[in-house]
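J.: Take a look and give me a structure for this.
(2 chains, ligands or ions: 1)
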Amino acid sequence: MNVPRHWRETPERYRMEAAKCRKCGKISFPARLICPACSNKVFDKTNLSGKGKLLTYTIIRTAPEGFEDIVPYAVGIVEMEEGVRVMGQITDCDLANLKTGDKLISKFRRMNEEGKTGLIMYSYKFVPDVGI
Amino acid sequence: MVGIIGYGTQIPRYRIKVEEIAKVWGADAEALTQGLNLYEKSVPAPDEDCTTLSVGAAKNALARAGIDPALIGAVYVGSESHPYAVKPTGTIVSEALGICPYVHTADLEFSCKAGTEGMFIALHLVKTGVMKCALAIGADTSKGTPGDALEYSASAGAAAFIMGTENIVAELLDTHCYMTDTPDFWRRENARYPEHGGRFAGKPAYQKHVFGAVEAILEKTGMKPKDFDYLIFHQPNGKFPVQTAKQLGFTEAQYRYGLLTPTLGNTYSGSSPMGLAATLDEAGPDQLILLVSYGSGAGSDAFVFRTTKHLLKNRDMAPRVRKQLNEHLKYLEYGEYAKFRGKILKPE
Ligand SMILES: [Zn+2]
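T.: Model (predicted):
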(Lines give C-alpha, C1' and ligand atoms only; values in the text may rest on other atoms or scores of the structure.)
Protein backbone atom coordinates (compact mmCIF):
# COMPACT_ATOMS: atom_id res chain seq x y z
CA MET A 1 0.00 0.00 0.00
CA ASN A 2 1.30 3.44 -0.80
CA VAL A 3 1.73 6.23 1.74
CA PRO A 4 -1.00 8.64 0.49
CA ARG A 5 -3.62 5.90 0.40
CA HIS A 6 -2.71 4.70 3.88
CA TRP A 7 -2.92 8.28 5.17
CA ARG A 8 -6.31 8.85 3.53
CA GLU A 9 -7.68 5.76 5.20
CA THR A 10 -6.34 6.68 8.65
CA PRO A 11 -9.75 7.37 10.27
CA GLU A 12 -11.12 3.92 9.40
CA ARG A 13 -7.86 2.07 9.91
CA TYR A 14 -6.87 3.71 13.21
CA ARG A 15 -10.19 4.03 15.00
CA MET A 16 -12.77 2.25 12.82
CA GLU A 17 -14.50 5.51 11.97
CA ALA A 18 -17.80 4.79 10.21
CA ALA A 19 -20.60 6.92 8.78
CA LYS A 20 -24.10 6.86 10.27
CA CYS A 21 -26.88 7.96 7.92
CA ARG A 22 -28.65 10.96 9.41
CA LYS A 23 -31.94 9.92 7.77
CA CYS A 24 -32.26 6.15 8.29
CA GLY A 25 -29.48 5.46 10.80
CA LYS A 26 -27.70 2.83 8.71
CA ILE A 27 -24.02 2.56 9.51
CA SER A 28 -21.56 2.25 6.63
CA PHE A 29 -17.98 1.11 7.10
CA PRO A 30 -15.95 2.32 5.41
CA ALA A 31 -17.83 5.60 5.09
CA ARG A 32 -19.77 6.18 1.85
CA LEU A 33 -20.93 9.26 -0.02
CA ILE A 34 -24.48 7.92 -0.55
CA CYS A 35 -26.43 5.76 1.92
CA PRO A 36 -27.01 2.33 0.32
CA ALA A 37 -30.32 2.02 2.19
CA CYS A 38 -32.00 5.38 1.55
CA SER A 39 -29.74 7.32 -0.85
CA ASN A 40 -29.34 10.12 1.70
CA LYS A 41 -26.06 12.05 1.48
CA VAL A 42 -25.75 13.38 5.04
CA PHE A 43 -23.89 11.34 7.65
CA ASP A 44 -22.54 11.63 11.18
CA LYS A 45 -19.17 10.17 12.12
CA THR A 46 -19.25 7.31 14.57
CA ASN A 47 -16.56 4.88 15.71
CA LEU A 48 -17.37 1.17 15.70
CA SER A 49 -17.08 -0.43 19.14
CA GLY A 50 -14.66 -3.01 17.74
CA LYS A 51 -16.74 -5.90 19.06
CA GLY A 52 -18.13 -8.56 16.77
CA LYS A 53 -18.38 -12.22 15.92
CA LEU A 54 -16.55 -14.27 13.33
CA LEU A 55 -18.74 -15.15 10.33
CA THR A 56 -16.19 -16.97 8.20
CA TYR A 57 -12.44 -17.19 7.83
CA THR A 58 -9.60 -18.70 5.90
CA ILE A 59 -6.05 -19.55 6.85
CA ILE A 60 -3.35 -18.05 4.66
CA ARG A 61 -0.35 -20.30 4.16
CA THR A 62 1.09 -18.71 1.04
CA ALA A 63 1.17 -15.02 1.79
CA PRO A 64 1.40 -11.96 -0.44
CA GLU A 65 4.57 -9.88 -0.39
CA GLY A 66 5.27 -8.34 3.00
CA PHE A 67 3.35 -10.96 4.97
CA GLU A 68 5.56 -14.02 4.30
CA ASP A 69 7.05 -14.09 7.80
CA ILE A 70 3.75 -14.41 9.65
CA VAL A 71 2.26 -17.47 7.93
CA PRO A 72 0.08 -19.26 8.76
CA TYR A 73 -2.40 -16.53 9.72
CA ALA A 74 -6.15 -16.14 9.62
CA VAL A 75 -8.20 -13.61 7.68
CA GLY A 76 -11.90 -13.46 8.34
CA ILE A 77 -15.14 -11.58 7.98
CA VAL A 78 -16.43 -10.23 11.25
CA GLU A 79 -19.98 -9.08 11.88
CA MET A 80 -19.65 -6.06 14.12
CA GLU A 81 -22.23 -5.39 16.82
CA GLU A 82 -23.36 -2.36 14.78
CA GLY A 83 -24.37 -4.75 11.99
CA VAL A 84 -21.64 -4.01 9.46
CA ARG A 85 -19.32 -6.71 8.17
CA VAL A 86 -15.60 -6.09 8.19
CA MET A 87 -12.77 -8.12 6.73
CA GLY A 88 -9.58 -8.29 8.71
CA GLN A 89 -6.70 -10.33 9.99
CA ILE A 90 -7.27 -12.34 13.17
CA THR A 91 -4.17 -12.26 15.32
CA ASP A 92 -3.19 -13.49 18.82
CA CYS A 93 -5.40 -16.54 18.24
CA ASP A 94 -4.73 -20.27 18.25
CA LEU A 95 -5.56 -21.26 14.67
CA ALA A 96 -6.58 -24.81 15.60
CA ASN A 97 -9.27 -23.48 17.96
CA LEU A 98 -10.63 -20.71 15.76
CA LYS A 99 -14.28 -21.22 14.76
CA THR A 100 -17.13 -19.26 13.26
CA GLY A 101 -19.24 -17.55 15.90
CA ASP A 102 -16.18 -16.70 18.03
CA LYS A 103 -16.40 -13.37 19.84
CA LEU A 104 -13.67 -11.07 18.56
CA ILE A 105 -12.55 -7.55 19.37
CA SER A 106 -10.49 -5.14 17.31
CA LYS A 107 -7.00 -4.04 18.35
CA PHE A 108 -4.69 -1.42 16.92
CA ARG A 109 -1.72 -3.26 15.40
CA ARG A 110 1.08 -2.96 12.87
CA MET A 111 -0.23 -4.05 9.51
CA ASN A 112 2.69 -3.60 7.17
CA GLU A 113 5.76 -1.52 6.55
CA GLU A 114 7.45 -0.13 3.48
CA GLY A 115 10.68 -2.02 4.08
CA LYS A 116 12.93 -1.43 7.08
CA THR A 117 13.32 2.30 6.44
CA GLY A 118 9.85 3.17 5.14
CA LEU A 119 6.55 4.07 6.73
CA ILE A 120 5.01 1.75 9.31
CA MET A 121 1.33 1.20 8.57
CA TYR A 122 -1.02 0.62 11.47
CA SER A 123 -4.56 -0.65 11.28
CA TYR A 124 -7.20 -2.66 13.11
CA LYS A 125 -6.90 -6.40 13.45
CA PHE A 126 -9.11 -8.75 15.39
CA VAL A 127 -8.21 -10.85 18.42
CA PRO A 128 -10.29 -13.27 20.53
CA ASP A 129 -12.42 -11.22 22.96
CA VAL A 130 -11.22 -12.74 26.23
CA GLY A 131 -11.70 -9.63 28.31
CA ILE A 132 -8.11 -8.44 28.27
CA MET B 1 -7.32 18.95 43.40
CA VAL B 2 -5.54 17.04 40.63
CA GLY B 3 -4.93 13.37 40.09
CA ILE B 4 -5.53 10.24 38.06
CA ILE B 5 -9.06 9.96 36.62
CA GLY B 6 -8.48 6.81 34.56
CA TYR B 7 -5.74 4.23 34.15
CA GLY B 8 -5.15 1.26 31.88
CA THR B 9 -2.51 -1.22 30.80
CA GLN B 10 -1.72 -3.53 27.91
CA ILE B 11 0.47 -6.63 28.04
CA PRO B 12 1.27 -8.88 25.04
CA ARG B 13 0.02 -12.47 25.35
CA TYR B 14 3.37 -14.06 24.59
CA ARG B 15 5.85 -15.18 27.26
CA ILE B 16 9.26 -16.77 27.40
CA LYS B 17 10.66 -18.47 30.48
CA VAL B 18 14.05 -17.50 31.87
CA GLU B 19 15.04 -21.20 31.70
CA GLU B 20 14.34 -21.24 27.97
CA ILE B 21 16.73 -18.32 27.37
CA ALA B 22 19.34 -19.73 29.78
CA LYS B 23 19.27 -23.08 27.95
CA VAL B 24 20.40 -21.40 24.71
CA TRP B 25 23.27 -19.46 26.26
CA GLY B 26 24.46 -22.10 28.72
CA ALA B 27 23.60 -19.86 31.68
CA ASP B 28 22.64 -20.96 35.18
CA ALA B 29 18.86 -20.59 35.16
CA GLU B 30 18.55 -21.07 38.89
CA ALA B 31 20.98 -18.25 39.64
CA LEU B 32 18.73 -15.98 37.58
CA THR B 33 15.36 -17.15 38.84
CA GLN B 34 16.33 -17.42 42.51
CA GLY B 35 19.00 -14.71 42.50
CA LEU B 36 17.08 -12.07 40.57
CA ASN B 37 13.53 -13.21 41.39
CA LEU B 38 12.83 -13.39 37.66
CA TYR B 39 10.91 -16.31 36.12
CA GLU B 40 9.44 -15.27 32.79
CA LYS B 41 8.85 -12.18 30.70
CA SER B 42 6.36 -10.85 28.18
CA VAL B 43 7.28 -10.79 24.49
CA PRO B 44 5.55 -8.51 21.98
CA ALA B 45 3.94 -10.12 18.94
CA PRO B 46 5.54 -9.16 15.61
CA ASP B 47 2.66 -6.72 15.02
CA GLU B 48 2.98 -5.04 18.42
CA ASP B 49 5.25 -2.14 19.26
CA CYS B 50 5.44 0.81 21.62
CA THR B 51 2.69 2.57 19.66
CA THR B 52 0.19 -0.30 19.60
CA LEU B 53 0.72 -1.07 23.30
CA SER B 54 0.26 2.64 24.08
CA VAL B 55 -3.03 2.72 22.20
CA GLY B 56 -4.25 -0.44 23.96
CA ALA B 57 -3.37 0.89 27.41
CA ALA B 58 -4.83 4.33 26.69
CA LYS B 59 -8.12 2.84 25.45
CA ASN B 60 -8.45 1.09 28.80
CA ALA B 61 -7.63 4.35 30.61
CA LEU B 62 -10.30 6.14 28.55
CA ALA B 63 -12.85 3.43 29.35
CA ARG B 64 -12.15 3.97 33.05
CA ALA B 65 -12.14 7.77 32.87
CA GLY B 66 -15.35 7.76 30.85
CA ILE B 67 -14.52 11.07 29.17
CA ASP B 68 -14.70 12.35 25.61
CA PRO B 69 -11.17 11.86 24.18
CA ALA B 70 -11.34 15.36 22.70
CA LEU B 71 -11.10 16.77 26.25
CA ILE B 72 -7.51 15.57 26.48
CA GLY B 73 -5.17 18.50 25.95
CA ALA B 74 -1.84 16.68 25.95
CA VAL B 75 -0.50 13.22 25.11
CA TYR B 76 2.96 12.22 26.32
CA VAL B 77 4.46 8.88 25.38
CA GLY B 78 7.55 7.84 27.32
CA SER B 79 9.57 5.02 25.77
CA GLU B 80 13.05 3.95 24.78
CA SER B 81 11.59 1.91 21.91
CA HIS B 82 9.69 4.53 19.90
CA PRO B 83 9.20 2.88 16.47
CA TYR B 84 10.70 5.82 14.60
CA ALA B 85 13.92 7.73 15.24
CA VAL B 86 12.14 10.73 13.68
CA LYS B 87 8.31 10.78 13.63
CA PRO B 88 6.39 11.08 16.84
CA THR B 89 4.62 8.17 18.51
CA GLY B 90 2.31 10.68 20.20
CA THR B 91 0.55 11.79 17.02
CA ILE B 92 -0.20 8.20 15.96
CA VAL B 93 -1.54 7.42 19.42
CA SER B 94 -3.61 10.63 19.49
CA GLU B 95 -5.04 9.94 16.04
CA ALA B 96 -5.97 6.36 16.99
CA LEU B 97 -7.73 7.56 20.14
CA GLY B 98 -9.63 10.38 18.41
CA ILE B 99 -7.81 13.14 20.32
CA CYS B 100 -6.43 15.02 17.28
CA PRO B 101 -6.04 17.81 16.29
CA TYR B 102 -6.29 20.15 19.34
CA VAL B 103 -3.65 18.46 21.47
CA HIS B 104 -0.04 18.93 22.54
CA THR B 105 2.05 15.79 22.15
CA ALA B 106 5.64 14.90 22.92
CA ASP B 107 7.65 11.72 22.90
CA LEU B 108 9.83 11.37 25.95
CA GLU B 109 12.91 9.26 26.47
CA PHE B 110 14.76 8.58 29.74
CA SER B 111 15.56 4.84 29.85
CA CYS B 112 13.06 3.31 32.27
CA LYS B 113 11.88 6.64 33.66
CA ALA B 114 10.20 8.04 30.55
CA GLY B 115 6.74 6.89 31.66
CA THR B 116 6.76 8.79 34.96
CA GLU B 117 8.26 11.81 33.19
CA GLY B 118 5.08 12.06 31.15
CA MET B 119 2.99 11.58 34.29
CA PHE B 120 4.92 14.35 36.04
CA ILE B 121 4.34 16.81 33.19
CA ALA B 122 0.70 15.82 32.65
CA LEU B 123 -0.15 16.16 36.35
CA HIS B 124 1.44 19.58 36.59
CA LEU B 125 -0.15 20.91 33.40
CA VAL B 126 -3.56 19.99 34.80
CA LYS B 127 -2.66 21.26 38.27
CA THR B 128 -1.67 24.68 36.93
CA GLY B 129 -4.90 24.90 34.94
CA VAL B 130 -3.32 24.89 31.48
CA MET B 131 -5.72 22.10 30.45
CA LYS B 132 -8.56 20.01 31.88
CA CYS B 133 -7.13 16.57 31.12
CA ALA B 134 -3.79 15.15 30.01
CA LEU B 135 -2.73 11.63 29.04
CA ALA B 136 0.63 10.12 30.00
CA ILE B 137 1.83 6.75 28.76
CA GLY B 138 4.85 4.62 29.59
CA ALA B 139 5.39 1.89 26.99
CA ASP B 140 8.27 -0.23 25.82
CA THR B 141 9.20 -3.25 23.76
CA SER B 142 12.81 -3.31 24.86
CA LYS B 143 15.52 -5.59 23.57
CA GLY B 144 18.52 -6.99 25.38
CA THR B 145 21.65 -8.15 23.55
CA PRO B 146 21.35 -11.92 22.94
CA GLY B 147 22.95 -13.72 25.86
CA ASP B 148 23.39 -10.56 27.93
CA ALA B 149 21.88 -10.30 31.42
CA LEU B 150 19.29 -7.84 30.12
CA GLU B 151 17.92 -10.38 27.65
CA TYR B 152 16.36 -12.26 30.57
CA SER B 153 14.40 -9.24 31.73
CA ALA B 154 13.74 -6.84 28.81
CA SER B 155 10.01 -7.22 28.13
CA ALA B 156 7.00 -5.39 26.75
CA GLY B 157 4.01 -3.59 28.22
CA ALA B 158 2.35 -0.23 28.62
CA ALA B 159 0.49 1.77 31.22
CA ALA B 160 -1.57 4.90 30.56
CA PHE B 161 -2.90 7.48 33.00
CA ILE B 162 -5.38 10.25 32.35
CA MET B 163 -4.91 13.18 34.70
CA GLY B 164 -7.77 15.50 35.53
CA THR B 165 -9.58 17.41 38.23
CA GLU B 166 -12.98 15.70 38.36
CA ASN B 167 -13.87 12.18 39.49
CA ILE B 168 -10.30 11.60 40.63
CA VAL B 169 -9.44 8.01 41.59
CA ALA B 170 -6.01 8.85 43.03
CA GLU B 171 -5.26 12.40 44.11
CA LEU B 172 -1.72 13.71 43.69
CA LEU B 173 -0.38 14.92 47.03
CA ASP B 174 3.24 15.63 46.15
CA THR B 175 6.19 14.95 43.85
CA HIS B 176 9.95 15.06 44.11
CA CYS B 177 12.78 14.20 41.72
CA TYR B 178 16.40 13.11 42.08
CA MET B 179 18.77 13.24 39.07
CA THR B 180 22.51 12.94 38.44
CA ASP B 181 24.64 12.18 35.38
CA THR B 182 25.43 8.48 35.81
CA PRO B 183 26.92 6.23 33.09
CA ASP B 184 25.05 3.01 33.95
CA PHE B 185 23.20 2.31 30.68
CA TRP B 186 22.89 3.82 27.20
CA ARG B 187 22.16 3.15 23.56
CA ARG B 188 23.72 5.22 20.82
CA GLU B 189 21.82 6.25 17.67
CA ASN B 190 21.69 3.32 15.20
CA ALA B 191 22.95 0.84 17.80
CA ARG B 192 20.77 -2.26 17.76
CA TYR B 193 21.16 -3.08 21.44
CA PRO B 194 21.93 -1.03 24.54
CA GLU B 195 25.15 -1.23 26.55
CA HIS B 196 25.54 -1.01 30.27
CA GLY B 197 28.31 0.16 32.53
CA GLY B 198 28.52 -3.24 34.26
CA ARG B 199 29.10 -2.60 37.94
CA PHE B 200 27.33 0.75 37.70
CA ALA B 201 23.98 -1.03 37.59
CA GLY B 202 23.39 -1.51 41.32
CA LYS B 203 24.52 0.81 44.10
CA PRO B 204 25.62 4.01 42.34
CA ALA B 205 22.69 3.87 39.96
CA TYR B 206 19.39 2.25 40.99
CA GLN B 207 19.92 2.30 44.73
CA LYS B 208 21.38 5.79 45.01
CA HIS B 209 18.61 7.44 43.00
CA VAL B 210 15.69 5.52 44.48
CA PHE B 211 17.07 6.19 47.97
CA GLY B 212 17.61 9.84 47.09
CA ALA B 213 14.07 10.32 45.79
CA VAL B 214 12.44 8.44 48.67
CA GLU B 215 14.39 10.29 51.35
CA ALA B 216 13.67 13.62 49.71
CA ILE B 217 9.94 13.08 49.39
CA LEU B 218 9.66 11.74 52.94
CA GLU B 219 11.44 14.86 54.15
CA LYS B 220 9.28 17.13 51.98
CA THR B 221 5.97 15.57 53.05
CA GLY B 222 6.92 14.78 56.64
CA MET B 223 5.83 11.18 56.10
CA LYS B 224 7.44 7.92 57.19
CA PRO B 225 7.59 4.57 55.34
CA LYS B 226 4.92 3.11 57.61
CA ASP B 227 2.48 5.89 56.66
CA PHE B 228 2.06 4.40 53.18
CA ASP B 229 -0.37 1.62 52.39
CA TYR B 230 1.37 0.79 49.12
CA LEU B 231 4.75 1.21 47.50
CA ILE B 232 5.88 0.84 43.90
CA PHE B 233 9.51 1.06 42.83
CA HIS B 234 10.94 0.64 39.36
CA GLN B 235 11.52 -3.08 38.77
CA PRO B 236 14.51 -3.94 36.55
CA ASN B 237 14.34 -7.40 38.14
CA GLY B 238 12.55 -8.90 41.11
CA LYS B 239 15.48 -8.38 43.45
CA PHE B 240 16.41 -4.67 43.37
CA PRO B 241 13.00 -3.23 44.34
CA VAL B 242 12.52 -5.74 47.17
CA GLN B 243 16.02 -5.25 48.57
CA THR B 244 15.79 -1.46 48.36
CA ALA B 245 12.30 -1.37 49.88
CA LYS B 246 13.46 -3.42 52.87
CA GLN B 247 16.55 -1.26 53.37
CA LEU B 248 14.34 1.81 53.46
CA GLY B 249 12.01 0.25 56.04
CA PHE B 250 9.10 -0.82 53.84
CA THR B 251 7.44 -4.23 54.06
CA GLU B 252 6.18 -6.86 51.64
CA ALA B 253 2.56 -5.95 52.38
CA GLN B 254 3.28 -2.53 50.90
CA TYR B 255 4.96 -3.63 47.66
CA ARG B 256 3.33 -6.99 46.86
CA TYR B 257 0.55 -5.71 44.57
CA GLY B 258 2.87 -3.49 42.57
CA LEU B 259 5.66 -6.03 42.08
CA LEU B 260 5.11 -7.48 38.60
CA THR B 261 8.61 -8.18 37.30
CA PRO B 262 8.96 -11.82 38.45
CA THR B 263 6.48 -12.93 35.75
CA LEU B 264 6.27 -9.82 33.53
CA GLY B 265 9.91 -8.86 33.15
CA ASN B 266 11.14 -5.29 32.98
CA THR B 267 8.82 -3.23 30.81
CA TYR B 268 11.19 -0.26 31.09
CA SER B 269 9.12 2.92 30.76
CA GLY B 270 6.04 0.85 31.60
CA SER B 271 7.55 -0.77 34.68
CA SER B 272 6.69 1.32 37.74
CA PRO B 273 3.57 2.82 36.05
CA MET B 274 2.22 -0.72 35.49
CA GLY B 275 3.01 -1.46 39.14
CA LEU B 276 0.94 1.59 40.07
CA ALA B 277 -1.94 0.33 37.91
CA ALA B 278 -1.78 -3.11 39.55
CA THR B 279 -1.85 -1.42 42.94
CA LEU B 280 -4.86 0.72 42.00
CA ASP B 281 -6.56 -2.55 40.96
CA GLU B 282 -6.43 -3.70 44.58
CA ALA B 283 -6.31 -0.59 46.76
CA GLY B 284 -9.21 0.67 48.82
CA PRO B 285 -10.34 4.28 49.09
CA ASP B 286 -8.37 6.82 51.13
CA GLN B 287 -5.09 4.90 50.97
CA LEU B 288 -1.63 6.36 50.46
CA ILE B 289 0.60 5.20 47.61
CA LEU B 290 4.27 6.01 47.04
CA LEU B 291 5.50 5.59 43.46
CA VAL B 292 9.22 5.91 42.67
CA SER B 293 10.57 5.31 39.18
CA TYR B 294 14.16 4.89 38.10
CA GLY B 295 15.75 5.55 34.74
CA SER B 296 19.37 5.00 33.86
CA GLY B 297 21.46 7.98 33.10
CA ALA B 298 20.05 8.57 35.80
CA GLY B 299 17.14 9.69 37.89
CA SER B 300 14.04 8.91 39.93
CA ASP B 301 10.66 10.62 40.10
CA ALA B 302 8.67 10.17 43.31
CA PHE B 303 4.91 10.67 43.61
CA VAL B 304 2.54 10.45 46.56
CA PHE B 305 -1.07 9.61 45.69
CA ARG B 306 -4.14 9.18 47.87
CA THR B 307 -6.93 6.99 46.49
CA THR B 308 -10.55 8.12 46.56
CA LYS B 309 -13.91 6.39 46.68
CA HIS B 310 -14.28 6.83 42.89
CA LEU B 311 -11.59 4.15 42.39
CA LEU B 312 -13.91 1.31 43.37
CA LYS B 313 -16.49 1.67 40.58
CA ASN B 314 -14.03 3.11 38.07
CA ARG B 315 -11.67 0.15 38.00
CA ASP B 316 -14.23 -2.39 36.79
CA MET B 317 -14.54 -0.52 33.48
CA ALA B 318 -11.38 -2.12 32.03
CA PRO B 319 -9.33 -5.29 32.56
CA ARG B 320 -7.08 -5.50 35.60
CA VAL B 321 -3.32 -5.90 35.27
CA ARG B 322 -3.18 -9.39 36.85
CA LYS B 323 -5.81 -10.61 34.40
CA GLN B 324 -3.70 -9.41 31.47
CA LEU B 325 -0.64 -10.90 33.13
CA ASN B 326 -2.08 -14.32 33.90
CA GLU B 327 -4.67 -15.16 31.22
CA HIS B 328 -4.65 -16.15 27.51
CA LEU B 329 -0.88 -16.76 27.58
CA LYS B 330 1.25 -18.44 24.97
CA TYR B 331 4.77 -19.58 25.77
CA LEU B 332 7.45 -19.32 23.10
CA GLU B 333 10.55 -21.34 22.42
CA TYR B 334 13.75 -19.36 21.94
CA GLY B 335 13.64 -19.73 18.15
CA GLU B 336 10.14 -18.27 17.92
CA TYR B 337 11.12 -15.55 20.35
CA ALA B 338 14.20 -14.68 18.27
CA LYS B 339 12.02 -14.43 15.17
CA PHE B 340 9.39 -12.31 16.94
CA ARG B 341 12.05 -9.92 18.19
CA GLY B 342 13.81 -9.57 14.86
CA LYS B 343 16.94 -11.23 16.21
CA ILE B 344 17.20 -13.47 13.16
CA LEU B 345 18.77 -11.51 10.34
CA LYS B 346 17.64 -12.13 6.79
CA PRO B 347 19.20 -10.60 3.67
CA GLU B 348 17.78 -7.10 3.06
ZN1 LIG C 1 -29.85 6.03 5.04
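
J.: Spatially central, which residue of chain A would that be?
T.: Nearest to the mean C-alpha position of chain A, counting by CA atoms, centre = their mean, stands A:Gly88 at 4.5 Å.

J.: wouldn't B:Ala65 be in contact with B:Gly164 here?
T.: Yes: counting by CB atoms under 8 Å, B:Ala65 does reach B:Gly164; the two are 7.1 Å apart. For the C-beta atoms, the positions are set from N, CA and C on the backbone; glycine is no exception.

J.: Need the residues touching each of those two.
T.: With contacts taken as CB atoms under 8 Å, 6 or more residues apart in numbering or on different chains, the residues that reach both B:Ala65 and B:Gly164 are B:5, B:133.

J.: what about these two, which has more around it?
T.: B:Ala65 (30 against 25; other CB atoms under 10 Å in any protein chain shown).

J.: Which residue is the nearest non-sequential neighbour of that one?
T.: Nearest residue to B:Ala65 in three dimensions, chain neighbours excluded: B:Gly6, at 2.7 Å (CB to CB, 6 or more residues apart in numbering or on different chains).

J.: helix or strand right after the helix or strand containing that neighbour?
T.: Per DSSP states H and E, B:Gly6 falls inside strand B:3-10. Sequence-wise, the next helix or strand downstream of strand B:3-10 (DSSP H and E) is strand B:14-17.

J.: Pull the number of nearby residues for B:Ala154.
T.: 26.

J.: whoops, I mixed them up, A:Ser39
T.: A count of nearby residues for A:Ser39, using other CB under 10 Å, gives 10.

J.: and B:Ser94, that's in a helix?
T.: Yes: counting by DSSP: H, G, I helix; E, B strand; the rest coil, B:Ser94 is found in a helix.

J.: which residues sit in contact with it?
T.: Contact partners of B:Ser94, counting by CB under 8 Å, 6+ apart, are B:75, B:100, B:103, B:105.

J.: again, but for A:Ile60
T.: A:67, A:71-75.

J.: Of the residues you listed, keep whichever come out buried.
T.: For those, a burial check counting by 16 or more other CB atoms under 10 Å in any protein chain shown picks out A:73-75.

J.: As TSV, those with secondary structure and pLDDT would be great.
T.: Formatted as TSV, the buried ones among the contacts of A:Ile60 follow (DSSP: H, G, I helix; E, B strand; the rest coil; pLDDT from 0 to 100):
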residue	secondary structure	pLDDT
A:Tyr73	strand	98
A:Ala74	strand	98
A:Val75	strand	98
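
J.: Just name the closest of the residues you listed to A:Arg8, please.
T.: Set against A:Arg8, the nearest of these by CB to CB is A:Val75 (22.3 Å).

J.: my read: the closest one touches A:Thr91, true?
T.: No: with contact defined as CB under 8 Å, A:Val75 does not reach A:Thr91; the gap is 10.2 Å.

J.: who touches whichever residue of the stretch 201-348 of chain B sits closest to the ion in this structure?
T.: Among all residues of the stretch 201-348 of chain B, B:Met317 sits closest to the ion, at 32.6 Å; criterion: CB to the ion. Applying CB under 8 Å, 6+ apart to B:Met317 gives the contacts B:63-64, B:66.

J.: Please tell me how far it sits from A:Ser39.
T.: 39 Å (CB to CB, to the nearest Å).

J.: again with B:Ala63
T.: Going from B:Ala63 to A:Ser39 by CB to CB gives 36 Å.

J.: circling back: in three-state terms, how would the residue nearest to the centre of chain A be classified?
T.: Quick answer, by three-state DSSP: A:Gly88 is strand.

J.: Check what pLDDT B:Arg199 gets.
T.: B:Arg199 is assigned a predicted lDDT (pLDDT) of 68.

J.: again with B:Asn190
T.: 85.
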